[in-house]
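In: Sequence and predicted structure, then a few things I'm wondering about:
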Amino acid sequence: MAVMITDTCINCGACIDECPVEAIVDEDENPTGEEIYYVYADKCVECVGYHDTPACAEACPTEGCIQWDDATDGMPASENRKSKGTPVVE
Ligand code: SF4
Ligand code: SF4
């Protein structure tokens with residue numbers, strides 16, 4: 001379970017300090033080489049146990065930029081999720 005940052009990210013940095021588990025890295029640290037922020041799927045806990053909704057998505061000013069589909073109780077999946085799948089670091 002993890003959220004993913006899509007290519008609509010504008011590198012504003014609003015999300016990175018909100019993450020309680022330091023799962024987010026900036027464009028310079030993005031292991032895919034894309035010039036956008038990135039969430040490590042193996043670190044992200046979708047804020048379960050920390051917040052009622054993903055804190056990064058709450059902070060993000062770009063609608064639909066941070067997406068997830070693995071809903072837990074009381075935490076609906078984000079709308080309009082693209083079918084790109086969750087990036088996995090090899
Ligand atoms: S959903 Fe929560 S744990 Fe996952 S990247 Fe966003 S802030 Fe971090
Ligand atoms: S808050 Fe949203 S737009 Fe800003 S860096 Fe994070 S994912 Fe990108």
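Out: That came through, no problem. Ligands and ions are numbered 1, 2, ... in the order given.
In: count of neighbours near residue 57?
Out: As a burial measure, residue 57 scores 22 neighbours (other C-beta atoms under 10 Å). All C-beta spots, glycine's among them, are computed from the backbone N, C-alpha and C.
In: beta partners for the nearest residue to it once chain neighbours are set aside?
Out: Excluding the flanking residues, the one nearest residue 57 by C-beta to C-beta, 6 or more residues apart in numbering is residue 66, at 4.1 Å. Residue 66 has these beta-bridge partners by DSSP bridges: residue 5.
In: quick one: contacts for residue 66?
Out: Taking C-beta atoms under 8 Å, 6 or more residues apart in numbering, we find residue 66 in contact with 3, 4, 5, 6, 15, 39, 54, 56, 57, 60, 78.
In: how about the residues of this protein near ligand 1?
Out: 3, 18-21, 23-24, 39, 44-47, 54-56 (C-beta under 6 Å from any ligand atom).
In: most neighbours, which of those residues?
Out: residue 3 (29 neighbours).
In: got a list of contacts for stretch 3-21?
Out: By C-beta under 8 Å, 6+ apart, stretch 3-21 touches 24-27, 34-39, 41, 43-47, 50-51, 54-62, 64-68, 78, 82, 84-87.
In: That one and ligand 2, any residue contact?
Out: Yes: for stretch 3-21, a contact with ligand 2 is found by C-beta under 6 Å from any ligand atom, at 5, 9, 10, 11, 12, 13, 14, 15.
In: buried subset of the residues you listed?
Out: Buried members of those, scored by 16 or more other C-beta atoms under 10 Å, are 5, 9, 15.
In: Turn the residues you listed into CSV, including pLDDT.
Out: What follows is these, written out as CSV (pLDDT from 0 to 100):
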residue, pLDDT
5, 97
9, 98
15, 98
